[in-house]
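Novice: what shape does this take:
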Amino acid sequence: MATTTITITSDAYHALKAEKKEGESFSDVILRKFQKGNPAAIKAVLKERGFNPDLADAIEKASRDLRKNFKTRKVSL
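Specialist: Predicted coordinates:
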């Protein structure tokens, strides 16, 4: 995996470190916090903010079902 070195302030480092969960790398934290459209990331944010994990599971399942059952229709002009 390719890596890139970045420079951050000490305050930013401590804020990032405070968000780090056991077993996570700093890259994992950044992706968890900023990756958009990832159901697992959305679920993590919902759980972090005190939402019921069952609600997050239901949203994830509904999203999967919607994509699975989505049908387009032909329209003639």
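
Novice: contacts for the longest helix along the chain, please.
Specialist: The helix that spans the most residues within the chain, counting by DSSP state H, is helix 53-69. By CB atoms under 8 Å, 6 or more residues apart in numbering, the residues outside helix 53-69 that reach it are 39, 42-43, 46-47. Glycine gets a C-beta too; all of them are placed from N, C-alpha and C.

Novice: buried residues in it?
Specialist: Within helix 53-69, the residues that count as buried by 16 or more other CB atoms under 10 Å are Ala56.

Novice: what about the spatially closest residue to Lys17 that is not a sequence neighbour, neighbour count?
Specialist: Closest residue to Lys17 apart from its sequence neighbours, by CB to CB, 6 or more residues apart in numbering: Phe26 at 7.9 Å. Applying other CB atoms under 10 Å, we find 14 residues neighbouring Phe26.

Novice: and if you look at Lys21?
Specialist: 9.

Novice: so where do the helices sit in the chain?
Specialist: Under DSSP H, the chain gives helices at 10-19, 26-34, 39-48, 53-69.

Novice: then the longest one to CSV, C-alphas only?
Specialist: Included here for helix 53-69 are C-alpha records, laid out as CSV according to Å, rounded to 0.1, in the frame of the first residue of the first chain:
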residue,chain,number,x,y,z
PRO,A,53,-27.3,0.5,16.4
ASP,A,54,-30.5,-1.3,15.3
LEU,A,55,-31.5,1.9,13.5
ALA,A,56,-28.2,1.9,11.7
ASP,A,57,-28.6,-1.7,10.8
ALA,A,58,-32.1,-1.1,9.4
ILE,A,59,-30.9,1.9,7.3
GLU,A,60,-28.1,-0.2,5.9
LYS,A,61,-30.5,-3.1,5.1
ALA,A,62,-33.0,-0.7,3.5
SER,A,63,-30.2,0.8,1.4
ARG,A,64,-29.1,-2.7,0.2
ASP,A,65,-32.7,-3.7,-0.5
LEU,A,66,-33.4,-0.6,-2.5
ARG,A,67,-30.3,-1.0,-4.7
LYS,A,68,-31.1,-4.7,-5.2
ASN,A,69,-34.8,-4.1,-6.1
